[in-house]
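missing the sequence, but the structure's below:
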């Protein structure tokens, strides 16, 4: 059953005028959840801005190590007096998003839960924990493994030149890799929702594995700021593992749907 029909069914009422009303209520609920999510990110931002020096030191650490490994001066530069302050603000915002991710994903669950069957709503806690863990794990993976590898390749490749790395350019690279990895790690959740909506199933995912393989490497090439194959494979490998995990989740939840459908058909007879 399409998710919108399930949302309408959850609201109840007559079929003649409930569709438009449900749609308006749906938009109002979306507005509320976005508002609460923004409040959560704002709270995370304020906490992280208070610790902006410590967070900046953590962001700066991969570059310091990469520059030191190639015998360069480990120092960023800025061209405008306001750039350091703007950097602290943007960095606190990114860190606040990771800090508030459980709250934001709770709002996502609150938005979609009216369209779920009662048995599916029991997965509230696993959903929030699982999606938050995936998003944060993606950021940690990028920070601890992928981003240092990217920096080592880029700095080592340009060893004939003296690096004068500007803070905004460095932050843009850092945010692209870390946020991109965090979002990519949500792949199982996306496929799970598509499975719940009846748009995909485990057989479809297996049958189209070769196309998924190609798409994953295209995405890895997009979020990888270098041209070397090794770094791209580092990004693609966890994405392939997550896709395989998604097939398992689609099978498990698809089995539940098939069992419920069979039970309803048996009851109807």
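On my side now, so go ahead. Everything numeric in this text was worked out from a predicted model, so none of it was measured.

when you work out contacts or count neighbours from here on, use the C-alpha atoms and nothing else.
OK.

got any ranges where the stretch 51-200 of the chain has weak pLDDT?
Counting by pLDDT under 70, the stretch 51-200 of the chain contains low-confidence ranges at 116-117, 120.

helices of that one, residue ranges please.
Remark: helices assigned in the stretch 51-200 of the chain by DSSP state H, counting those that start in this stretch are 52-69, 83-99, 101-112, 118-121, 124-141, 147-157, 167-184, 187-196.

pull out the buried residues from the fifth one.
Across helix 124-141, burial judged by 16 or more other Cα atoms under 10 Å covers 127-128, 130-141.

pLDDT (mean, whole number) over stretch 37-47?
When pLDDT is averaged over stretch 37-47, the result is 96.

give me the contact list for that stretch.
92-97, 99-101, 103-104, 107 (Cα atoms under 8 Å, 6 or more residues apart in numbering).

the helices of the stretch 51-200 of the chain: which one's closest to residue 217?
helix 167-184 (11.9 Å; Cα to Cα).

which other helices and strands does the closest one contact?
helix 83-99, helix 124-141, helix 147-157, helix 209-223 (3 or more Cα pairs under 8 Å, 6 or more residues apart in numbering; DSSP states H and E).

coming back round to it: from the contacts of stretch 37-47, which is closest to residue 231?
residue 94 (23.4 Å).

hmm, back to that, dump the helices and strands packed on helix 167-184 to CSV, plus distance to residue 253.
Shown next, in CSV, are those (distance: least, Cα to Cα, whole Å):
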stretch, distance to residue 253
helix 83-99, 28
helix 124-141, 13
helix 147-157, 35
helix 209-223, 19
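
among these, which comes closest to residue 232?
Of these, nearest to residue 232 by Cα to Cα is helix 209-223, at 5.7 Å.

tell me the average confidence for the closest one?
Per-residue scores along helix 209-223 average to 86.

so which residues make contact with it?
Contact partners of helix 209-223, identified using Cα under 8 Å, 6+ apart, comprise 176-177, 180-181, 227, 232-233, 235-236, 239-240.

buried ones among the residues you listed?
Counted by 16+ other Cα under 10 Å, the contacts of helix 209-223 give 176-177, 180-181, 232, 235-236, 239-240 as buried.

which of the residues you listed lies closest to residue 168?
residue 176 (12.1 Å).

ok, the closest one to residue 147 distance?
Counting by Cα to Cα, to the nearest Å, the separation of residue 176 from residue 147 is 10 Å.

what of residue 136?
Residue 136 is 15 Å from residue 147, by Cα to Cα.

and the residue nearest to residue 129 when sequence neighbours are not counted, what does it touch?
Once flanking residues are discounted, residue 129 sits nearest to residue 102: 7.2 Å by Cα to Cα, 6 or more residues apart in numbering. Contacts for residue 102 (Cα under 8 Å, 6+ apart) come out as 128-129, 131-132.

and residue 77, what does it touch?
Residue 77 touches 164-167, counting by Cα under 8 Å, 6+ apart.

whoops, I mixed them up, residue 207
By Cα under 8 Å, 6+ apart, the contact set of residue 207 is empty.

same deal with residue 165?
Counting by Cα under 8 Å, 6+ apart, residue 165 touches 75-77.

between the buried ones among the contacts of helix 209-223, which is nearest residue 25?
Distances from residue 25 to the buried ones among the contacts of helix 209-223, taken by Cα to Cα, are shortest for residue 180, at 32.3 Å.

how near is the closest one to residue 128?
20 Å.

cool, residue 58 as well?
Distance from residue 58 to residue 128, by Cα to Cα: 26 Å.

for residue 87, same thing?
30 Å.

what of residue 134?
Residue 134 is 10 Å from residue 128, by Cα to Cα.

quick one, what contacts the residue nearest to the spatial centre of the chain?
In the chain, the centroid-proximal residue (Cα atoms, centre = their mean) is residue 183; its distance is 2.3 Å. By Cα under 8 Å, 6+ apart, the contact list for residue 183 reads 135, 138.
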